[in-house]
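Colleague: Okay, structure incoming, though there's no sequence with it:
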Ligand code: TA6
């Protein structure tokens, strides 16, 4: 269902038959809400988020493309999250495993403006879908449409902000013992300790060669988010904590207590596409009762 969101920005609301829902702005193809069938909001969206281009919306699932972070010549996290996407009314057939009646297909193509900073032509098609059990599925297909034979490389992340009741009661399973680059220590490489991650201060780590499944356990809510990913070998874990939170104008001083970013990404090894080649990056989020999921 198409409607107007904050500041009159175009928004699509997806509703699944058993009651789960999601909302996505055409601005940035930005998912800003994902609710379970009890109407509980599962994503964090800052109360101070600015819905005003070209500022990225603070929260939900920003799309970081064609550059993650400040690693290259473009603005932080590239430009996809700062652009107006269009509805893709001629999508190529998506794999059947995105079976869903509640979905929207969006597309972003090269613009004159962006070609100045990123001289490549691409088509980025994104399908956002709600599965029968209320899972949220994002499928990105990025194709190199350069005519004069130039390959291009990019880094990528689904910069997902999960809503948690209390960050000090959250555990992350699936990243223990892995190597990571620590953004707080000059991106130096370290190895994670042997048990689940817990949080008591600012964290900004890029985990490398991560498993396809990561669990985020919210102890208080007895809820586990399960992140499943395909084509995305890395995972970023970020919480700004108090000092950085205060320094962000579009982020409440105390909001760090109620969010955690776990981002399915491709960063360490940029993805290179020859003309005509297409990359697919899939993210599937589910929220299950913890009693069911802990230890799995
Ligand atoms: O995902 C972690 C990170 O790269 C952090 O370093 C922090 O900059 C965060 O992204 C938010 O970036 P943004 O440009 O959205 O403020």
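Modeller: In hand now; what should we look at? From a predicted model like this one, the values you see are computed outputs, not experimental measurements. Numbers count the residues shown, from 1 in each chain.
Colleague: residues in contact with the residue in the stretch 51-200 of the chain that the ligand sits nearest to?
Modeller: Nearest residue of the stretch 51-200 of the chain to the ligand (C-beta to the nearest ligand atom) works out as residue 76 at 4.2 Å. C-beta here means a position set from N, CA and C on the backbone, and glycine is covered the same way. Counting by C-beta atoms under 8 Å, 6 or more residues apart in numbering, residue 76 touches 69, 70.
Colleague: Dig out what the residue most central in space within the chain forms beta bridges with.
Modeller: In the chain, the C-alpha nearest the mean C-alpha coordinate belongs to residue 158, at 2.3 Å (C-alpha atoms, centre = their mean). Residue 158 has these beta-bridge partners by DSSP bridges: residue 63, residue 264.
Colleague: mind listing what it touches?
Modeller: For residue 158, the residues meeting the contact criterion (C-beta under 8 Å, 6+ apart) are 61, 63, 64, 138, 232, 263, 264, 265, 281, 283.
Colleague: Could you tell me whether the residue of the stretch 51-200 of the chain closest to the ligand really is in a helix?
Modeller: No: under DSSP: H, G, I helix; E, B strand; the rest coil, residue 76 falls outside any helix and is assigned coil.
Colleague: Can you check the distance spanned by stretch 5-21, start to finish?
Modeller: Terminal residues of stretch 5-21 lie 15 Å apart, using C-alpha to C-alpha, to the nearest Å.
Colleague: Mean confidence (pLDDT) on it, please.
Modeller: Over the span of stretch 5-21, the pLDDT mean works out to 97.
Colleague: chain center to that stretch, what's the gap?
Modeller: Relative to the mean C-alpha coordinate of its chain, stretch 5-21 is positioned 18 Å out (C-alpha atoms, centre = their mean, to the nearest Å).
Colleague: Check stretch 179-199 too.
Modeller: 20 Å.
Colleague: Residue 123: what's it in contact with?
Modeller: Contact analysis of residue 123 by C-beta under 8 Å, 6+ apart lists 107, 108, 109, 142, 143, 145.
Colleague: rerun that using 7 Å as the cut-off
Modeller: With contacts defined as C-beta atoms under 7 Å, 6 or more residues apart in numbering, the neighbours of residue 123 are 107, 109, 143, 145.
Colleague: The residues you listed: which two are farthest apart?
Modeller: 107 and 145 (11.8 Å; C-beta to C-beta).
Colleague: Can you list the low-confidence ranges for this structure?
Modeller: Screening the chain residue by residue with the criterion pLDDT under 70, one finds the ranges 95-99, 292-296.
Colleague: Spell out which parts of it neighbour the ligand.
Modeller: Those residues of the chain that sit near the ligand, judged by C-beta under 6 Å from any ligand atom, are 56, 69, 76, 77, 159, 183, 204, 236, 238, 261, 263.
Colleague: Type out the ChimeraX command that picks the buried ones from these.
Modeller: Under the burial definition 16 or more other C-beta atoms under 10 Å, those of the residues of the chain next to the ligand that qualify are selected in ChimeraX by:
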select :56,69,77,159,183,204,236,238,261,263
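Colleague: of all the residues of the chain next to the ligand, which two lie farthest apart?
Modeller: With C-beta to C-beta as the measure, no two of the residues of the chain next to the ligand lie farther apart than 56 and 183, at 18.0 Å.
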